[in-house]
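Engineer: here's my sequence, what's the structure:
(2 chains)
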Amino acid sequence: AQSVTQPDIHITVSEGASLELRCNYSYGATPYLFWYVQSPGQGLQLLLKYFSGDTLVQGIKGFEAEFKRSQSSFNLRKPSVHWSDAAEYFCAVGGPSGYSTLTFGKGTMLLVSP
Amino acid sequence: DTAVSQTPKYLVTQMGNDKSIKCEQNLGHDTMYWYKQDSKKFLKIMFSYNNKELIINETVPNRFSPKSPDKAHLNLHINSLELGDSAVYFCASSGEVGNTIYFGEGSWLTVV
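Structural biologist: Predicted coordinates:
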C-alpha cells in the first residue's frame, strides 16, 4: 500500500530564511509525487509535481522539490520564505495506473516569524 | 473561471438531517473524486468516479451516496448526519490517467 510521511507537524522559519519540508513515501513502482499548499480556510493548490525525468522540479511561488529514489524522498524547498508562505503543506503520492487516487501525508504547518 | 467548483462552501446543520454538496468541473476531465479532511487536517479519498461510473469506494458509511449525473458533475449526498461527519469535503477531478488532480475550494460541514 502506498503511504506518505511528513515527519514535521509544524516548522517555524524566519522571513527571508530558507525552507525545507520533508516528505518520505512508500510506493511499489515509480511514484507520481505532488506538493499541495492549503492556506487557512482555503482549498488545496498544487505547487509542483514529479512524474518522470529531471529529479529537480520547479513549481509556483518559487518552490522546488527534489526526487531522491534512493531515499524515497521528495523534499520541498524554497530559498527565501515570505510571510505569505505561512500555510499547511501536503505531500502526496499517486500512480499512473488505473484511476489512481492520491495518498496524502498528514501535512506540515509552516509558520513564518518576522 | 473556477475549474472545480463546489457548493455550498459552508454548511451548518443539525444531527439527523440530510444534506447535499454539489460539485462541477469545467476542465473536461473524465475522473472526479470526493476527499474528506478531518479535524486533524488528514485528507482521505472517499469516492472516485470515471465517466459517471463508480471506480473507487473506500470504507465510507452507506449514509454517504455520491451521484454523478454526467462526467462534469459529482454530488455528495449525506443522510442522517452525525457529529463525526463534521469535516471539510473536497471535490477534485483529473484528466488522463495519472495526471494531476485539481481540487475545489472545499465545503466546510459542521454538524451540531
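Engineer: A:Pro40 contacts A:Met109, doesn't it?
Structural biologist: No: counting by Cβ atoms under 8 Å, A:Pro40 does not reach A:Met109; the two are 9.9 Å apart. For every residue, glycine as well, the C-beta is placed using N, CA and C.
Engineer: and these two? Which one has more around it.
Structural biologist: A:Met109 (16 against 8; other Cβ atoms under 10 Å in any protein chain shown).
Engineer: now do the contacts for the closest residue to the more buried one other than its chain neighbours.
Structural biologist: Take A:Met109 and drop its neighbours on the chain: the residue closest to it by Cβ to Cβ, 6 or more residues apart in numbering or on different chains is A:His10, 4.0 Å away. Taking Cβ atoms under 8 Å, 6 or more residues apart in numbering or on different chains, we find A:His10 in contact with A:Thr108, A:Met109, A:Leu110, A:Leu111.
Engineer: host element of the second one?
Structural biologist: Just to be clear, that refers to A:Met109. Assigned by DSSP states H and E, A:Met109 falls within strand A:108-113.
Engineer: any idea how far that strand is from the middle of the chain?
Structural biologist: 14 Å (Cα atoms, centre = their mean, to the nearest Å).
Engineer: stretch B:30-43 now?
Structural biologist: 7 Å.
Engineer: before we move on, what about stretch A:8-28?
Structural biologist: Taking Cα atoms, centre = their mean, one finds the center of stretch A:8-28 at 8 Å from the center of the full chain.
Engineer: also stretch B:34-52?
Structural biologist: 6 Å.
Engineer: list the buried residues of that stretch.
Structural biologist: B:Trp34, B:Tyr35, B:Lys36, B:Gln37, B:Leu43, B:Lys44, B:Ile45, B:Met46, B:Phe47, B:Ser48, B:Tyr49, B:Asn50 (16 or more other Cβ atoms under 10 Å in any protein chain shown).
Engineer: out of these, who's near chain A?
Structural biologist: B:Leu43, B:Lys44, B:Ile45, B:Ser48, B:Asn50 (Cβ under 8 Å from any Cβ of the partner chain).
Engineer: just for chain A, where's the confidence low?
Structural biologist: For chain A, applying pLDDT under 70 flags the ranges A:96-100.
Engineer: 80 - rerun?
Structural biologist: A:1, A:28-30, A:41, A:95-101 (pLDDT under 80).
Engineer: got any residues that touch both of A:Pro40 and A:Met109?
Structural biologist: Joint contacts of A:Pro40 and A:Met109 (Cβ under 8 Å, 6+ apart) are A:Ala87.
Engineer: what's the mean pLDDT across stretch B:11-23?
Structural biologist: Averaged across stretch B:11-23, the pLDDT comes to 97.
Engineer: what about that stretch, start to end distance?
Structural biologist: 14 Å (Cα to Cα, to the nearest Å).
Engineer: ok, and what's touching it?
Structural biologist: Against stretch B:11-23 from outside (Cβ under 8 Å, 6+ apart): B:4-8, B:32, B:34, B:73-83, B:89, B:91, B:104, B:107-112.
Engineer: what are the buried residues along it?
Structural biologist: B:Leu11, B:Thr13, B:Lys19, B:Ile21, B:Lys22, B:Cys23.
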